[in-house]
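S.K.: Requesting a structural model of the entry that follows:
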Amino acid sequence: MENITCPGFTAAAVAAGLKKNKEKDLGLIFSEVPASVAGVFTKNRVQAAPVRLDKERIKSGACQAVIVNSGNANCCTGDQGMQNARIMAGLAASSLNISENLVLVASTGVIGKPLPIERIEAVIPDLVKTLKPEGISDLARAIMTTDQVPKWVSKKGVFKGHPFTVTGVAKGSGMISPDLATMLCFICTDIGAPPDLLKRALSVSVDQSFNRITVDGDTSTNDTVILMANGLSGAVIATEEDRISFQYVLDDVLMLLAEKIVRDGEGATKLIRIEVKGALSDNDARKVANTIANSNLVKTAFFGEDANWGRILAAAGRAGVSFDPESTDIFFDDVLMVKNGVGCGDSAEAEATRVLKKPEFMVRIDLKSGSGRASVLTCDFSLDYVKINADYRS
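M.R.: Next comes the predicted model:
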């Protein structure tokens, strides 16, 4: 099995009894030295205690550890929830012998249930004791909820003669929609960078990756992306030009993680890229792509392998942007299904249906109104999505 590592970082995971299945549900990432840090968090007005705590602590620009649990979101849990988030960080800090302010916290799971902090306290010593460079893959498994597979990516780059590594883990399968980080994701790199450049790099990458995916149109209360840079490679980005060199590798890691999340969408059987061109602006194109990608009618048609282009055009029409439906073309991969707002007939539909039988395909919409363009990754809606979410708490 592949060992995923990043120089200067160790990780571990244990079972604290937070999940119903008794599998590992508590993880830790630790940097040998304090690292620069940047984060992106949910825009949902309902925000979990860990999110609120991290948003304050991350202002310092420094972090050395992240402790994360699955099985319980620690959200809508009042003052006790905030206290438990702080206790969780404090327990990790004490065992690691570092300042509590250098520990960030993340949680995922059911909303509204008190976090059984005593279970976490009981296993913290084992968690710290089992830290190891290849423990990142264990962490990826421990943060899974409805995920079917763990998600990790590691890429290498070279900056001014110094090799460096960017390694990321993520969880996400449902409650996924473009709105600033729609899951949990932790990225480690041994490059050096001041927090402001790190934040810029992370924001750009998130906008091009996690903000361009959707499974079900829902955004979570716990969405968190944290990027830690410990500088141990000797490579240091100090200018905007330097950032761009680092950006290529970071973008690659986050794009691959984003794709893994959509592939693992709850009950998903197909991966679909919605590409819109010819809009009046990129923002308009993005609105159209998002509306189509989030349409339940469109997504169920994809599952049924039904080339129902009327649902796609109707979704575009309610996106709140200006375009001429009678000038619009729709392609399924390279099959022209709709030309100037009119279907291309039975033979085109038969070809399009063959495209929809593939596990991956593209739907392209040309609005012919301007030069704006955007794309979004989505998946189909299957019967299993309903079953998974109907049974989530039981």
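S.K.: Would you map the helices across this structure?
M.R.: For the chain, the helices defined by DSSP state H cover 49-57, 78-96, 117-129, 136-142, 195-208, 240-263, 282-294, 296-303, 309-317, 346-356, 383-390.
S.K.: Would you mind putting the ones you listed into TSV with mean pLDDT, mean neighbour count and distance to Lys22 alongside?
M.R.: (Each C-beta comes from the backbone N, C-alpha and C, glycine too.) TSV is the format used below for the helices of the chain (pLDDT from 0 to 100; neighbours: other C-beta atoms under 10 Å; distance: least, C-beta to C-beta, whole Å):
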stretch	mean pLDDT	mean neighbour count	distance to Lys22
helix 49-57	96	21	23
helix 78-96	97	19	20
helix 117-129	97	17	12
helix 136-142	94	23	12
helix 195-208	94	20	33
helix 240-263	91	19	25
helix 282-294	94	23	35
helix 296-303	91	20	33
helix 309-317	96	19	42
helix 346-356	95	16	40
helix 383-390	67	14	19
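S.K.: wait, which of the ones you listed is closest to Val40?
M.R.: Closest of the helices of the chain to Val40 is helix 195-208, at 5.0 Å (criterion: C-beta to C-beta).
S.K.: Which residues does the closest one contact?
M.R.: Defining contact as C-beta atoms under 8 Å, 6 or more residues apart in numbering, one finds that helix 195-208 is touched by 36-40, 61-62, 180-181, 187, 193, 225, 227, 229, 237-240, 242-243, 246-247, 250-251, 253-255.
S.K.: Extract the CA atoms of it and return them as CSV.
M.R.: Provided in CSV are the C-alpha atoms of helix 195-208 (Å, rounded to 0.1, in the frame of the first residue of the first chain):
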residue,chain,number,x,y,z
PRO,A,195,0.9,33.5,6.2
ASP,A,196,-0.3,36.2,3.8
LEU,A,197,1.2,34.5,0.7
LEU,A,198,0.0,31.1,2.0
LYS,A,199,-3.5,32.5,2.4
ARG,A,200,-3.5,33.9,-1.1
ALA,A,201,-2.3,30.6,-2.6
LEU,A,202,-4.9,28.6,-0.7
SER,A,203,-7.8,31.0,-1.7
VAL,A,204,-6.9,30.7,-5.4
SER,A,205,-6.6,26.9,-5.2
VAL,A,206,-9.9,26.5,-3.3
ASP,A,207,-11.7,28.8,-5.8
GLN,A,208,-10.5,26.7,-8.7
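S.K.: how far does it sit from the chain's center?
M.R.: Relative to the chain's own centre, helix 195-208 is displaced by 14 Å; criterion: C-alpha atoms, centre = their mean, to the nearest Å.
S.K.: would you list the helices of the chain in CSV and tack on distance to Glu23?
M.R.: Output for those, formatted as CSV (distance: least, C-beta to C-beta, whole Å):
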stretch, distance to Glu23
helix 49-57, 21
helix 78-96, 19
helix 117-129, 13
helix 136-142, 8
helix 195-208, 29
helix 240-263, 20
helix 282-294, 31
helix 296-303, 29
helix 309-317, 39
helix 346-356, 36
helix 383-390, 17
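S.K.: Select, out of those helices, the one closest to Ala16.
M.R.: helix 117-129 (4.7 Å).
S.K.: Next, the angle from that closest one to helix 78-96.
M.R.: On the basis of axes from the mean of the first three to the mean of the last three C-alpha atoms, to 10 degrees, helix 117-129 is oriented at 20 degrees to helix 78-96.
S.K.: Now do helix 117-129: which elements does it pack against?
M.R.: Applying 3 or more C-beta pairs under 8 Å, 6 or more residues apart in numbering; DSSP states H and E, one finds that helix 117-129 contacts strand 9-14, strand 26-41, helix 78-96.
S.K.: repeat that with 6 Å
M.R.: Packing contacts for helix 117-129, counted by 3 or more C-beta pairs under 6 Å, 6 or more residues apart in numbering; DSSP states H and E, involve strand 9-14, helix 78-96.
S.K.: residues in contact with that helix?
M.R.: 12, 14, 16-17, 28, 84, 87-88, 91, 95 (C-beta atoms under 6 Å, 6 or more residues apart in numbering).
S.K.: Switch these over to a markdown table; also include distance to Asp346.
M.R.: Converted to a markdown table, those look like this (distance: C-beta to C-beta, whole Å):
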| residue | distance to Asp346 |
| --- | --- |
| Ala12 | 59 |
| Val14 | 59 |
| Ala16 | 58 |
| Gly17 | 58 |
| Leu28 | 59 |
| Asn84 | 61 |
| Ile87 | 65 |
| Met88 | 60 |
| Leu91 | 65 |
| Ser95 | 67 |
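S.K.: can you tell which of the helices of the chain is closest to Gly372?
M.R.: Of the helices of the chain, nearest to Gly372 by C-beta to C-beta is helix 282-294, at 4.3 Å.
S.K.: quick revisit: check the contacts of helix 117-129 and tell me the two furthest apart.
M.R.: Ala12 and Asn84 (20.6 Å).
S.K.: give me every residue that touches Ser209.
M.R.: 254-255, 258.
S.K.: meant to ask about Gln64
M.R.: Shown in contact with Gln64 (C-beta under 6 Å, 6+ apart): 31, 34, 98, 102.
S.K.: The first one: what's it in contact with?
M.R.: Ser31 is in contact with 8-9, 64, 228, 230, counting by C-beta under 6 Å, 6+ apart.
S.K.: which residue ranges form the strands in the stretch 101-250 of the chain?
M.R.: Assigned by DSSP state E, counting those that start in this stretch, the strands in the stretch 101-250 of the chain fall at 103-107, 151-159, 162-171, 184-189, 224-229.
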